[in-house]
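S.K.: Pasting the sequence and the predicted coordinates here, then a few questions.
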Amino acid sequence: MAKRNIVIANWKMNPSTATEAGKWLLNIAKSIKRIKRTEVVICPPFLYLEKLKKVSRKIMLGAQNAYPGEVGPFTGEVSAEMLYNLGVKYVILGHSERRSPPAGGGETNEIVNKKIKSALLSGLVPVICIGEKERDEKHEYFNIVKTQVKECLKGVSKESISKVIIAYEPVWSISSTPSRRDATAADSLEMAVFIRKVLSDISSPQMASNTRILYGGSVTDRDAGEFLTNGGVDGLLVGRASIDPLKFLEIVKICEALKS
Ligand code: PGA
């Protein structure tokens, strides 16, 4: 089965009211009626999911995190099962903003691995964020990414590996990173090929070719086409540009026009 291209919006902690979130989603929903070949996913803050679920059937919803286990006495947490029962389909796991303290409490690959397993068990599709903090001349960053992929997917069945989504997000290019710099489509291509090789080694070439790999890191409507055409990826994970519905729509349209 051919993989569908996917554009995922990571709204992070935006917007500040449910009313505004509803308006954003409605704007997007109205304009994507003709979009057929691109899957559009919005990941809003948890507390808007219930409301947004009713706005559009065409737009899939994702969460930005989930607890690494079943429901229980865990203050402030939200389980994968609860999200699935609400109608959520995807969950972003291991985002760099959650891996680095203090905001995220320093999530490790081991914790991300538990979250991935729990999400899969509940029926959610994990969108697993990986990416090096910096690039060094000795190319140690390849080993960092390889370790992230292997540790995050440790014990995950080969079949499930073909179902997860890997989002390559070099931390140095993400909009929230101070003194960030732009990644190029060549950076994305090189890493997408490398990640697919690592996936192939831990599953099989067939499973690995079915896994969708995305690029994320300050993508805008200006460079989305370049990443999609020359970045070796099956879609994009968009943060800052996704909180401007017009920019986000433009990115979705670019993806729809380019990818076959
Ligand atoms: P950005 O965020 O597009 O704002 O860099 C991407 C992400 O952090 O997922």
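M.R.: Great, that's in hand.
S.K.: Output the longest helix belonging to the chain.
M.R.: Identified as the longest helix of the chain according to DSSP state H is helix 185-202.
S.K.: can you pull the buried residues of that helix?
M.R.: Neighbour-count burial for helix 185-202, counted by 16 or more other C-beta atoms under 10 Å, picks out 185, 187-189, 191-192, 194-196, 198-200, 202. To be clear about C-beta, it is placed using only N, CA and C from the backbone, and glycine gets the same treatment.
S.K.: Show me what the residue of the stretch 1-150 of the chain found nearest the ligand bridges to in the sheet.
M.R.: Taking C-beta to the nearest ligand atom, the ligand has its nearest neighbour within the stretch 1-150 of the chain at residue 10, 4.2 Å off. Residue 10 has these beta-bridge partners by DSSP bridges: residue 43.
S.K.: The residue of the stretch 51-200 of the chain found nearest the ligand: what secondary structure?
M.R.: Nearest residue of the stretch 51-200 of the chain to the ligand (C-beta to the nearest ligand atom) works out as residue 175 at 3.3 Å. The three-state assignment at residue 175 reads coil, by DSSP: H, G, I helix; E, B strand; the rest coil.
S.K.: Give me the spatial nearest neighbour of it, chain neighbours excluded.
M.R.: In space, not counting the residues next to it along the chain, residue 175 is nearest to residue 240; the distance is 4.4 Å by C-beta to C-beta, 6 or more residues apart in numbering.
S.K.: Can you name the residues that contact the nearest residue to residue 39 once chain neighbours are set aside?
M.R.: Of all residues not flanking residue 39 in the chain, residue 6 sits nearest, at 4.3 Å (C-beta to C-beta, 6+ apart). By C-beta atoms under 8 Å, 6 or more residues apart in numbering, the residues touching residue 6 are 38, 39, 40, 41, 165, 212, 214, 234, 235.
S.K.: The first one: neighbour count?
M.R.: As a burial measure, residue 38 scores 21 neighbours (other C-beta atoms under 10 Å).
S.K.: Okay, and the beta partners of it?
M.R.: residue 5.
S.K.: Could you pull up the residues touching it?
M.R.: Shown in contact with residue 38 (C-beta under 8 Å, 6+ apart): 4, 5, 6, 7, 235, 252, 255, 256, 259.
S.K.: possible to save these as CSV with distance to the ligand and pLDDT?
M.R.: Output for the contacts of residue 38, formatted as CSV (distance: C-beta to the nearest ligand atom, whole Å; pLDDT from 0 to 100):
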residue, distance to the ligand, pLDDT
4, 20, 87
5, 17, 94
6, 14, 97
7, 12, 98
235, 13, 98
252, 14, 97
255, 15, 97
256, 19, 96
259, 19, 58
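S.K.: Would you confirm that residue 88 contacts residue 49?
M.R.: Yes: counting by C-beta atoms under 8 Å, residue 49 is a contact partner of residue 88 at 6.0 Å.
S.K.: neighbour count winner among the two?
M.R.: More crowded of residue 88 and residue 49, by other C-beta under 10 Å: residue 88, with 27 against 22.
S.K.: For the more buried one, give me its contacts.
M.R.: Neighbour list for residue 88: 49, 61, 62, 63, 124 [criterion: C-beta under 8 Å, 6+ apart].
S.K.: and what of residue 64?
M.R.: 10, 11, 12, 43, 45, 46, 91, 92, 95.
S.K.: count of neighbours near the fifth one?
M.R.: In other words, residue 45. Residues lying near residue 45 (other C-beta under 10 Å) number 17.
S.K.: likewise the fourth one?
M.R.: Using other C-beta under 10 Å, residue 43 is surrounded by 26 other residues.
S.K.: how many other residues sit next to the closest residue to the ligand within the chain?
M.R.: Taking C-beta to the nearest ligand atom as the measure, the chain has residue 239 as its residue closest to the ligand, at 2.1 Å. Using other C-beta under 10 Å, residue 239 has 23 neighbouring residues.
S.K.: before we move on, what about residue 23?
M.R.: 14.
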